[in-house]
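A.B. asks: Here's my sequence, what's the structure:
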Amino acid sequence: MSETRTIKKYPNRRLYDTHQSRYITLANVRELVMAETAFQVIDRQSGEDITRSILLQIIMEQEAGGQPLFSTDILAQFIRNYGETTQQGFTTFLEKSMSTFGIQQEALREQMQKALTNTPLDNWVKLSEKNMQTWQKMQKDMFKGVTPDNKNDKD
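C.D. replies: Numbering: from 1, shown residues only. Model prediction:
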């Protein structure tokens, strides 16, 4: 298991990845998130953990460009739940929902990968073979009652 990367945020708003010994951008931090790399962002001056703040900045950038993930109603619901007695329940619900969604997405991805493992021609050949077997069995069963039993003819 790899250890958590430390990223330092300097007063000039620059992010420094101590693992790679170089400055990085929010896009690079997003890549770490996408790669499921563990990291922590520390404010260089105060030593405070500001990881959540950086993640929220990434979400804001994502929401500002392209197709937003959160509707206005969802964002308003988030705001309404801050400070309420239901906040912990809401947080737990969101975490479990996201976990379930991730599990379902992974299962779907695996199923699609299995379905696409064979070429379309292979799938058609298998289907044709199965149909041929079913047709032959049906013919055999149908002609059993029509044709005389050969054993009775020999007796």
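A.B. asks: Look up the pLDDT of residue 150 for me, please.
C.D. replies: As summarised for this prediction, residue 150 has a pLDDT of 52.
A.B. asks: And for residue 86?
C.D. replies: For residue 86, pLDDT reads 82.
A.B. asks: Ok, residue 41 next?
C.D. replies: The model's pLDDT for residue 41 equals 97.
A.B. asks: Show me the shaky parts of this structure.
C.D. replies: The chain contains residues with pLDDT under 70 at 1-2, 116-121, 142-155.
A.B. asks: how about the strands in this protein?
C.D. replies: For the chain, applying DSSP state E gives strands covering 5-9, 15-17, 22-24, 39-43.
A.B. asks: can you list the domains in the chain?
C.D. replies: 1-69, 70-142 (automatic domain parsing).
A.B. asks: thinking again about what came up before, show me the one of the strands of the chain that comes nearest residue 94.
C.D. replies: strand 39-43 (21.5 Å; Cβ to Cβ). C-beta: built from backbone N, CA, C; applies to glycine.
A.B. asks: Show me which residues of that closest one are buried.
C.D. replies: Buried residues in strand 39-43, counted by 16 or more other Cβ atoms under 10 Å: 39, 41-42.
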